[in-house]
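> 3D model of this:
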Amino acid sequence: HSKISPQFKVGVVGEYIVGSFEKEKSNPLMPELIKDDSSYTLSAQVNYWLSYILDIPTELQTERRLDDVVEVQYKSDGLGNISPFQLGAGVSYLTKMLIMCLRAKKNDVILIENPEIHLHPYMQRSILHYYKQLLSNGDPRFTELLKGLFHIDGLRGQLFVVTHSTDALVDDYRNIVRFYRHDGGQVRAACGATIHFSEEIEKHLIMHFPEVKEALYSRSVIIVEGETEYGCFSLFGTTLGLPFDYYGICLINARGESSIAKIRKLLQFFHIPTVVLYDADVKGSRGHEKNTYFTDGICFEMDLVRTMISHGRRRELDRIIDTANGEHARATTDMLKKACRKLDLNYHDYPARMLWHVNPRNQDALCVYYFAWLYSNKGVILGRLIGQSLKASLIPPAFVRTIRAAGDLARVTLQREEEGLRREEEKEER
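Numbering: from 1, shown residues only. Coordinates of the predicted model:
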């Protein structure tokens, strides 16, 4: 059921719009708004667009039951008496938008918040592309409508889209305005059009921007170098009592050390608190930067191996590696050569062998052999296995420091949001 109001046509949340439809459904529309020539009524045109957009015959049916109550049902693809609750929420949302737009009169202003809501990603991008097409006068039917109604030849202006959807965001940071709360809770805006980078960095950031989109909605960000870290860090966060989604922590895989600084700079321009984790081999050049952390060993894989071996958890490490490998794992000559180059060791001292054949009393050798396998088999799936398997006490300290730092930043951001909302409520009460 929907409400009918003698005073309101739409309502704050559209609660009266279907009631207005019931009262006006037989009214003829302006000729410029007619698409279905079989009938000029509001009802006919709403049903035409419902069927066209949903790509299935759909009809809105309403009947007044009381002075202020209207019963709402749909008929779709031969099935009648369908309750709105039996259809997707997007159908009801679309119905309200169509009624609101089609019953509009000359000089009315229509505002639609979150136009992409309930649409799948391709349709989200499609509808926003269409809005941009309207602004560039690329739809001849729309320009003809403008000419007939307002006696203008076209539009020149900007399109502002307020959205919570990463899929609706354009893949170019220069077209984005991000609102955030500064110290004390004041609302500020950061505009991508005011950011200027060298051409080389700009190309790099545009290429990586699809991975960065989610950060625009976050309270803090962690940037890691590679896929294995990316696979396990969110699971580590849950184990440590800091679930990333709950606290609004975004994890970004920079796909290499050289990209971290560029991505971080972009996030700083948008005033997004950011923590980064580098491998220890770059500590000399990055150690002075705020919220920057480093692995204790030469890299992520060595931190993991040393922590597991020193805690006497070789068997658990074997289980992780054998599960990822599909059978008992072997450190090959190529793996050991690559590892020894990284560790500055003589690979002739480490012949190829099965991991479970390595002498358990030689901890240095254990670290080299297990490191060699992990270093040559990086990946998200391996990272998830690691994240699912490690208890809090086995998560390497450098990873714990990084995740907790991001949690602290997220809490500060949340406090600013709450403080800002409290002050706004106090102003309204005055």
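> so Lys35 makes contact with Asn47?
No - Lys35 is not in contact with Asn47 according to C-beta atoms under 8 Å; the separation is 10.7 Å. Quick note: C-beta positions are derived from backbone N, CA and C, even for glycine.
> More neighbours: which of the two?
Set side by side, Lys35 and Asn47 show more neighbours around Asn47, with 23 against 12, by other C-beta atoms under 10 Å.
> Just the element for the more buried one, please.
Under the criterion of DSSP states H and E, Asn47 resides in helix 42-54.
> Can you mark which positions in that helix are buried?
42-51, 53-54 (16 or more other C-beta atoms under 10 Å).
> Leaving out sequence neighbours, find the closest residue to Arg384.
Excluding its sequence neighbours, the residue lying closest to Arg384 (C-beta to C-beta, 6 or more residues apart in numbering) is Gly231, at 4.6 Å.
> Likewise for Thr95?
Leu60 is the one closest to Thr95 (C-beta to C-beta, 6+ apart), at 5.9 Å.
> The one you found contacts Phe21, doesn't it?
Yes - contact status for Leu60 versus Phe21: in contact at 7.4 Å, counting by C-beta under 8 Å.
> Tell me the residues that contact both of these two, please.
By C-beta atoms under 8 Å, 6 or more residues apart in numbering, Leu60 and Phe21 have these common neighbours: 43, 46.
> of those two, who's got more company?
Legend: neighbour count by other C-beta under 10 Å for Leu60 and Phe21, higher for Phe21 (27 against 23).
> Relative to Glu71, how far out is that one?
12 Å (C-beta to C-beta, to the nearest Å).
> now do Lys105
Lys105 is 27 Å from Glu71, by C-beta to C-beta.
> what about these two, which has more around it?
Glu71 (15 against 7).
> so that one is in which element?
Secondary structure (DSSP H and E) places Glu71 in strand 69-76.
> could you give the angle of that strand to helix 42-54?
40 degrees (axes from the mean of the first three to the mean of the last three C-alpha atoms, to 10 degrees).
> Pull up the pairing partners for strand 69-76, direction included.
If you go by DSSP bridges, strand 69-76 pairs up with strand 2-3 (antiparallel), strand 58-66 (antiparallel), strand 79-82 (antiparallel).
> Give me the contact list for it.
Contacts with strand 69-76, where a contact means C-beta under 8 Å, 6+ apart, come from 1-4, 18-19, 22, 56-65, 80-84, 87, 91.
> now with 7 Å?
Residues outside strand 69-76 that contact it (C-beta atoms under 7 Å, 6 or more residues apart in numbering) are 1-4, 18-19, 22, 56-65, 81-84, 87.
> What average pLDDT does that strand get?
The average pLDDT within strand 69-76 is 88.
> what do you get for stretch 116-136?
Stretch 116-136 carries an average pLDDT of 76.
> Make a PyMOL selection of the buried ones in the contacts of strand 69-76.
To isolate the buried subset of the contacts of strand 69-76 in PyMOL, counting by 16+ other C-beta under 10 Å, use the following:
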select buried, resi 2+4+18+19+22+58+59+60+62+82+84
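> Shouldn't Lys35 be within a strand?
No - going by DSSP: H, G, I helix; E, B strand; the rest coil, the assignment for Lys35 is coil, not a strand.
> and it, what does it touch?
Lys35 makes contact with 45, 48, according to C-beta under 7 Å, 6+ apart.
> Tell me how far it lies from Val46.
10 Å.
> If you count neighbours, what's buried in the longest helix belonging to the chain?
With secondary structure taken from DSSP state H, the chain has its longest helix at helix 397-429. Neighbour-count burial for helix 397-429, counted by 16+ other C-beta under 10 Å, picks out 398-400, 402-403, 405-410, 413, 416, 420.
> so can I have JSON lines of those showing pLDDT and distance to Ile117?
Below are these laid out as JSON lines (pLDDT from 0 to 100; distance: C-beta to C-beta, whole Å):
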{"residue": "Ala398", "pLDDT": "97", "distance to Ile117": "41"}
{"residue": "Phe399", "pLDDT": "97", "distance to Ile117": "37"}
{"residue": "Val400", "pLDDT": "97", "distance to Ile117": "38"}
{"residue": "Thr402", "pLDDT": "97", "distance to Ile117": "35"}
{"residue": "Ile403", "pLDDT": "97", "distance to Ile117": "32"}
{"residue": "Ala405", "pLDDT": "96", "distance to Ile117": "34"}
{"residue": "Ala406", "pLDDT": "96", "distance to Ile117": "29"}
{"residue": "Gly407", "pLDDT": "95", "distance to Ile117": "30"}
{"residue": "Asp408", "pLDDT": "94", "distance to Ile117": "33"}
{"residue": "Leu409", "pLDDT": "94", "distance to Ile117": "29"}
{"residue": "Ala410", "pLDDT": "93", "distance to Ile117": "26"}
{"residue": "Thr413", "pLDDT": "84", "distance to Ile117": "25"}
{"residue": "Arg416", "pLDDT": "78", "distance to Ile117": "27"}
{"residue": "Gly420", "pLDDT": "74", "distance to Ile117": "25"}
